[in-house]
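Colleague: predicted model and sequence below, questions to follow.
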Amino acid sequence: MKHHQYNADFQFVEQPKEFNKFTEKDILQFCLGATLYMPGTKVIADKIINKSMTGLTSMVMCFEDAIREELLEAAEKNVVDHFNILSDAIYHGKITYNELPLIFLRVRNLEQFRSFSDKLTEEQAKILTGFVFPKFYSRNANEYFSHLDEINQKLDVFLYGMPILEGHTIAYIETRCDELLELKNIMESHHNKILNVRVGGTDFSSFFGVRRGINYSIYDILTVRDCLSDILNVLSREEDDFTISGPVWEYFLAYKGDDLDHFLETKDIHSSLMTRTPIINAAIDGLLREVVLDKANGFVGKTIIHPSHTKYVNSMQAVTKEEYDDAMQIVHTGGGVIKSLHSNKMNEINPHYSWAKKIIAKAYAYGVIDDESAYLKLILGKK
């Protein structure tokens with residue numbers, strides 16, 4: 001996989017690199033980007049083999065909220081059929097692992113996780129990158145990882161786990177701190193198996209009977225913002241280094257016109273988004289605005305529910321040359337304070353070191369662009 005293939009002629013300062021499920025975790029955890037969730041009943045194997053979804057690099061086939069319980073058996077069969085088709089395509093050279101998106105399965109619960117995984121063969125499991133664990137609590141966390149260990153040992157593979165933090169004990173203030181600290185202790189002991197941590201913005205909203213509208217972000221919902229803030233506080237500290245993905249954006253009105261050039265007049269996309277200067281349309285501008293806030297707060301990538309969102313989320317993960325130059329300067333300087341190469345800021349080596357490492361990892365995954373004005377060119381398929 002390689003990001004931004006929908007705009008293959010774009011002129012990067014540094015090209016994004018290829019990755020696959022076997023890429024080292026230190027890099028791979030930053031590569032997921034826009035992770036497309038779809039029902040486990042969705043038929044998508046032919047599109048993967050034919051490479052017709054050029055922006056799709058990371059996907060989750062869901063056995064939980066996306067399907068009704070009576071469709072579970074059909075969804076499981078569909079997923080197994082996909083693995084067989086894709087495994088056969090790799091065997092016959094129709095597709096390579098580098099062309100296979102990172103595929104995850106969101107299990108329904110522990111019981112279904114155990115029963116479904118018993119049906120997997122070694123060849124089928126090789127198509128998979130990992131499992132997503134919903135309603136992840138301190139009371140069930142060890143059981144999820146224990147069974148993941150059993151699968152990896154039994155099938156001679158290495159599959160990751162991606163917990164979703166979305167439960168009541170995290171949402172409610174009286175239990176949040178203890179629950180997060182307990183989860184942190186458990187997750188630290190399974191750190192090498194956790195590729196990414198997901199957060200349930202929609203679930204958190206539901207507990208308080210609220211829903212963000214198209215014209216504002218999840219960070220405007222105070223009760224949800226506090227949940228997200230505390231998750232980041234506990235799990236994104238320098239010494240823990242968990243990569244946490246941003247919450248889903250629910251609105252998917254995509255721009256379908258051809259008159260794109262006037263969008264390119266927007267030079268500073270961040271400023272335009274924050275001042276609510278219209279760029280594309282309410283749904284896409286809202287998505288872009290929330291991605292900017294995701295990035296500012298330390299989230300990497302985002303859960304998406306519509307394929308049209310892929311290029312918007314992934315393009316915004318690209319690193320500007322100024323960020324990249326600062327990061328490279330920081331990691332290659334022994335200590336102290338130094339004026340940036342662009343002479344517009346100071347780079348403090350020790351305080352900024354963790355940030356710099358993340359910027360370099362994101363540059364590997366998403367590439368380096370000239371400046372802010374290049375974001376919309378990358379999004380809209382311009383050179």
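Modeller: That came in fine, so what should we check first? Residues are numbered from 1 along each chain as shown.
Colleague: which helices and strands does the helix or strand bottoming out on mean pLDDT in the chain pack with?
Modeller: Lowest mean confidence among the helices and strands of the chain (mean pLDDT, DSSP states H and E): helix 269-274, at a mean of 81. Packed against helix 269-274 by the contact rule (3 or more C-beta pairs under 8 Å, 6 or more residues apart in numbering; DSSP states H and E) you find helix 282-297. All C-beta atoms are positioned from the backbone trio N, CA, C, and that covers glycine.
Colleague: can I get the CA coordinates of the helix it packs on in CSV?
Modeller: Provided in CSV are the C-alpha atoms of helix 282-297 (Å, rounded to 0.1, in the frame of the first residue of the first chain):
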residue,chain,number,x,y,z
ALA,A,282,-20.4,22.0,4.8
ALA,A,283,-19.8,18.2,5.2
ILE,A,284,-16.3,18.2,3.8
ASP,A,285,-15.3,21.5,5.4
GLY,A,286,-16.5,20.1,8.8
LEU,A,287,-14.5,16.9,8.3
LEU,A,288,-11.4,18.8,7.4
ARG,A,289,-11.9,21.2,10.3
GLU,A,290,-12.2,18.2,12.7
VAL,A,291,-9.1,16.5,11.2
VAL,A,292,-7.1,19.7,11.9
LEU,A,293,-8.2,19.6,15.5
ASP,A,294,-7.5,15.9,15.6
LYS,A,295,-3.9,16.5,14.5
ALA,A,296,-3.5,19.4,16.9
ASN,A,297,-4.5,17.2,19.8
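Colleague: mind listing what's buried along that helix?
Modeller: 283-295 (16 or more other C-beta atoms under 10 Å).
Colleague: quick one: what helix or strand has Tyr37 in it?
Modeller: For Tyr37, the element it lies in under DSSP states H and E is strand 34-39.
Colleague: next, the angle from that strand to helix 282-297.
Modeller: In terms of direction (axes from the mean of the first three to the mean of the last three C-alpha atoms, to 10 degrees), strand 34-39 departs from helix 282-297 by 120 degrees.
Colleague: mean confidence for the helix or strand that strand 34-39 is followed by?
Modeller: Once strand 34-39 ends, the next helix or strand along the chain (criterion: DSSP H and E) is helix 45-50. Across helix 45-50, pLDDT averages out at 96.
Colleague: can you list the helices and strands that helix 45-50 packs against?
Modeller: Contacting helix 45-50 under the criterion 3+ C-beta pairs under 8 Å, 6+ apart are the following elements: helix 72-91.
Colleague: can you give me the buried ones in the helix it packs on?
Modeller: Neighbour counts over helix 72-91 (16+ other C-beta under 10 Å) mark Leu72, Ala75, Glu76, Asn78, Val79, His82, Phe83, Ile85, Leu86, Ser87, Ala89, Ile90 as buried.
Colleague: which residues touch that helix?
Modeller: The contact list for helix 72-91 (C-beta atoms under 8 Å, 6 or more residues apart in numbering) reads 39-45, 48-49, 61, 63, 67, 95-97, 100, 105, 108, 112, 116, 119-120, 123-128.
Colleague: how about a cut-off of 7 Å?
Modeller: Contacts with helix 72-91, where a contact means C-beta atoms under 7 Å, 6 or more residues apart in numbering, come from 39-41, 43, 45, 48-49, 61, 63, 67, 95-97, 100, 105, 108, 116, 119, 123-124, 126-127.
Colleague: again with stretch 347-362
Modeller: By C-beta under 7 Å, 6+ apart, stretch 347-362 touches 27, 30, 238, 317, 319, 323-324, 326-327, 329-331, 333, 335-338, 340.
Colleague: now the helices for the stretch 1-150 of the chain?
Modeller: Taking DSSP state H, counting those that start in this stretch to define them, one finds helices in the stretch 1-150 of the chain at 25-28, 45-50, 72-91, 110-117, 122-125, 141-155.
Colleague: pretty sure Phe252 contacts Thr310?
Modeller: No - using C-beta atoms under 7 Å, Phe252 is not in contact with Thr310, being 11.2 Å away.
Colleague: ok, those two, which is more surrounded?
Modeller: Legend: neighbour count by other C-beta atoms under 10 Å for Phe252 and Thr310, higher for Thr310 (25 against 14).
Colleague: the more buried one against Ala34, yeah?
Modeller: Yes - contact criterion C-beta under 7 Å: Thr310 and Ala34 qualify, at 4.5 Å.
Colleague: find residues that contact each of these two.
Modeller: Common neighbours of Thr310 and Ala34 (C-beta under 7 Å, 6+ apart) are Ile304.
Colleague: break the chain into its domains for me.
Modeller: Domains of the chain are assigned by automatic domain parsing as 17-317, 319-383.
Colleague: three-state assignment of Phe252?
Modeller: State at Phe252, reduced to three classes by DSSP: H, G, I helix; E, B strand; the rest coil: coil.
Colleague: strand partners of the strand holding Tyr37, parallel vs antiparallel please.
Modeller: Looking at strand 34-39 with DSSP bridges, its partner strands are strand 58-62 (parallel), strand 302-304 (parallel).
Colleague: show me what the last one is in contact with.
Modeller: Yep, that's strand 302-304 we're talking about. 34-37, 198, 245-249, 291, 294, 310, 313.
Colleague: cool, stretch 42-55 as well?
Modeller: With C-beta under 7 Å, 6+ apart as the test, stretch 42-55 has contacts from 5-6, 61, 78, 82, 85-86, 89, 94-95, 99-101, 307, 310-311, 314.
Colleague: now stretch 128-148
Modeller: Stretch 128-148 is touched from outside by 21, 60, 64, 102-107, 110, 113-114, 159-167, 169, 179, 182-183, 186, 190, 193, 195, 198, with contacts defined as C-beta under 7 Å, 6+ apart.
Colleague: mean confidence score for it?
Modeller: 97.
Colleague: tell me which residue of the chain is furthest from the middle?
Modeller: The centre of the chain is farthest from one residue, Gly336, which by C-alpha atoms, centre = their mean lies 33.6 Å away.
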